[in-house]
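1. fold the following for me, if possible:
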Amino acid sequence: MNRILAGLMTCVAALLVGACGGGGYSLGSSAAAPTDVVVAAGDSSATVSWTMAPGVDYWIFLAPTDSINTSNWTSFLGARSVIRATSPQLVTQLSNGTTYAFTVNARVGNGPGGPGTPSQAIIPRIAGGVWVPATPLGTADLLGAAFGVIGTTTISPVSSFLAVGKGGAIYTSADGKSFAPQQSTVSADLRCAVFGGTYLAAGANGTVVSSADAITWAAKTSGTSAALNGLTTNGAGTYVAVGAGGAIVTSGDSGATWTLANSGTTKDLYAVTYGLSGSANAFVAVGSGGTMVASIDGVTWTPAASASTSADLRGITYASVLTLVSGAVTSAPVWVAVGSGGVILTSADAVTWSAPASGTGASLNAITYNTRFVAVGNGGTVLTSDDAGVSWQAQNSRSSANLAAITHNPYGYLAVGAAGANLTAF
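-> Residues are numbered from 1 along each chain as shown. I've put the predicted structure just below:
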């Protein structure tokens, strides 16, 4: 009996390192580390790329320090790993300005990890300061942009940038750099786009198209023939589109059906967003002559103040801005609207507004927020703010195109505009 038990224990030990009893059964083995790993810094993130080999699992190890290996990485506070990583692997939730070291190892069949790659160190940095124009996407003006996660694999999310424009043009990209044209099924100009679980684009003649994957599109009936200039969502299935003559249509079923709302204005509306206004969440739309209207539910709308401006307001966004106060991280609601003549309006409650100096007279057409506010406009204008919209800095876009729209993903920005212009900041 003792000899049998001893034999079983020997077999179990052998299983842990590879094989037992000549049957060829293996729990896996180590694999050579990739030789071409590249770690690129992003905004609060890093992208790790390498050439993957079939049947090999890769693990990424990282820690906030100058250098690590696969033996000591756990000794650093804040260290973590990404198991079964796939190239390119986006690593998020990093602190901008902090040095992070990375190493990668490999294994087959749940075996022990092999040797790690030489440590590489990067420093994530806030995006929006360095812009790179790309080859134009056709010749049609691009008027809207969005980003969203369109599905999941067993390992990592699948995401896509979306750019839309005149003549029903639609382009998609996984990385914001390499785009592919898609069939929109419509020929009307598409002026805006949004993602909230479903991709939507809208435009001339009340056109609305939707897609679950940003590739296959279907036209929807919006209930209006007015040009639709702006789209937003509350992220919970409700979408709002605004447009010419004060037109507003809403959908409570992810864009499948639409209802015409009474905006209370006949002024053209150019943009709409959703955020926290006072003690309640609200939609706020902006338009010509400083027009502002607000709604709690997207159905009933009332006029809102706009700091007594007569400028056409063409873009608006909302952000919960994180700030460090006495060693504690706090968040504060900030609304920012932009428009003609370089006008910028900011508010903490969408009721009382101030007008900080933008430093430009160029028309500002769109604005977004990720880790900073970024506004874009005519003549390649790009402005950023890192202090909740109080002060603004001009950035070199390296483009002279009129920029009509901007969107962001977790690590960078995409701006699009006239004659297929598209530029990124990662």
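
2. so which bits of stretch 126-145 are buried?
-> For stretch 126-145, burial by neighbour count (16 or more other CB atoms under 10 Å) applies to 126-128, 131, 133-134, 136-137, 140-145. The way it works is simple: take the backbone N, C-alpha and C, and place the C-beta from them, glycine included.

3. how far away is the residue lying closest to Gly379 once chain neighbours are set aside from Gly129?
-> Among residues not flanking Gly379 along the chain, Ala362 sits closest, at 5.2 Å (CB to CB, 6 or more residues apart in numbering). Distance, Ala362 to Gly129, by CB to CB, to the nearest Å: 18 Å.

4. just flag the most distant two among the buried residues of stretch 126-145.
-> Using CB to CB, the buried residues of stretch 126-145 span at most 31.8 Å, a distance reached by Ile126 and Ala140.

5. may I have the helix or strand harbouring Leu383 as CSV, with CA atoms only?
-> Leu383 is part of strand 382-385, with elements assigned from DSSP states H and E. Provided in CSV are the C-alpha atoms of strand 382-385 (Å, rounded to 0.1, in the frame of the first residue of the first chain):
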residue,chain,number,x,y,z
VAL,A,382,-8.0,73.0,-30.8
LEU,A,383,-8.3,74.3,-27.2
THR,A,384,-7.8,72.4,-24.0
SER,A,385,-8.6,73.1,-20.3
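
6. what's downstream of that strand, the next helix or strand?
-> Next along from strand 382-385, by DSSP H and E: strand 393-395.

7. report the contact partners of Ile60.
-> Applying CB atoms under 8 Å, 6 or more residues apart in numbering, we find Ile60 in contact with Val48, Ser81, Val82, Ala85, Gln89, Val91, Phe102, Thr103, Val104.

8. SS state for it?
-> What DSSP: H, G, I helix; E, B strand; the rest coil gives for Ile60 is strand.

9. next: the one 5 residues further on.
-> Going by three-state DSSP, the secondary structure assigned to Thr65 is coil.

10. next, count neighbours for it.
-> 19 (other CB atoms under 10 Å).

11. surely it meets Thr99?
-> Yes - if you go by CB atoms under 8 Å, Thr65 and Thr99 touch, sitting 6.9 Å apart.

12. now the helices for this structure?
-> With helices called from DSSP state H, the chain shows them at 2-17.

13. so, low pLDDT: which residues of it?
-> For the chain, the stretches flagged by pLDDT under 70 are 1-27, 151-158, 278-279, 306-307, 324-327.

14. what's the strand holding Leu383 packed up against?
-> Judged by 3 or more CB pairs under 8 Å, 6 or more residues apart in numbering; DSSP states H and E, strand 382-385 is in contact with strand 373-377, strand 393-395.

15. just name the most buried of those.
-> Comparing these by mean neighbour count (mean count of other CB atoms under 10 Å), strand 373-377 ranks first with a mean of 29.
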